[in-house]
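Student: requesting a structural model of the entry that follows:
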Amino acid sequence: MQAITRSSFTLIETVLALFVIVSLAMMGSFEIRDYQSKNAEEQALKDFESCWENALNYSFLTNHEVEISGAKHQITFYYQGHRVSKVDLPETLEISHLTLRMNGDGGVQPKTIKFFSRRLQGFEKTYKYTVQMNWGVLNRHEKKGISLD
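Tutor: Here you go, the predicted model:
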């Protein structure tokens with residue numbers, strides 16, 4: 001009697017190979033989502049900085065006041081009472097309540113503006129901008145920590 005030789009994978013070998021491939025693909029998808037949310041946050045913060053600079057220049061050059069308000073996931077810049085620019089923040093990033101006014105000479109009272117990132121469960125990152133005395137210049141600071149929620 002001749003021995004039967006096997007030339008294909010068994011069902012168990014196929015299932016194990018599929019399990020490994022799917023596990024690797026899922027790990028990659030989590031990394032991509034985190035990367036996308038991190039980039040969305042960085043872009044929103046750059047948009048805020050750009051709108052801030054534009055408002056500062058407008059205020060200084062036209063001698064008109066600019067009002068800036070923000071809550072939760074949105075920051076709005078008002079020039080002479082009209083909304084000119086708006087920054088929408090991603091779901092993972094929110095701002096503490098913000099109301100401030102740039103004087104007609106570009107001056108701003110010293111203030112701290114805080115953004116809270118909640119990209120990872122139980123972990124919080126705080127972006128803090130401090131406005132220098134009457135210059136309107138923003139300084140950015142980052143702090144990582146564990147959320148107490």
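Student: now for Val108: which residues touch it?
Tutor: Each residue near Val108 by Cβ atoms under 8 Å, 6 or more residues apart in numbering is listed here: Leu56, Leu100, Arg101, Met102, Val131, Asn134, Trp135, Gly136. Any C-beta I mention is one placed from the backbone N, CA and C, and that applies to glycine too.
Student: which of the residues you listed are buried? Put it as a ChimeraX command.
Tutor: Burial among the contacts of Val108 is assessed by 16 or more other Cβ atoms under 10 Å; the matching ChimeraX selection reads:
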select :56,102,131,136
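Student: cross the contacts of Val108 against helices and list the overlap.
Tutor: Leu56 (DSSP state H).
Student: next, format the contacts of Val108 as a markdown table and append pLDDT and distance to Gln80.
Tutor: What follows is these, written out as a markdown table (pLDDT from 0 to 100; distance: Cβ to Cβ, whole Å):
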| residue | pLDDT | distance to Gln80 |
| --- | --- | --- |
| Leu56 | 88 | 15 |
| Leu100 | 89 | 16 |
| Arg101 | 90 | 12 |
| Met102 | 88 | 12 |
| Val131 | 87 | 21 |
| Asn134 | 70 | 21 |
| Trp135 | 73 | 22 |
| Gly136 | 74 | 17 |
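Student: which pair of the contacts of Val108 spans the longest distance?
Tutor: Farthest pair in the contacts of Val108 (Cβ to Cβ) is Arg101 and Trp135. Separation: 14.9 Å.
Student: could you look up the SS state of the residue nearest the centre of the chain?
Tutor: Nearest to the geometric centre of the chain sits Glu41, at 1.8 Å (Cα atoms, centre = their mean). State at Glu41, reduced to three classes by DSSP: H, G, I helix; E, B strand; the rest coil: helix.
Student: who are the contact partners of it?
Tutor: Counting by Cβ under 8 Å, 6+ apart, the residues that Glu41 touches are Leu89, Pro90, Thr92, Leu93, Ser117, Arg119.
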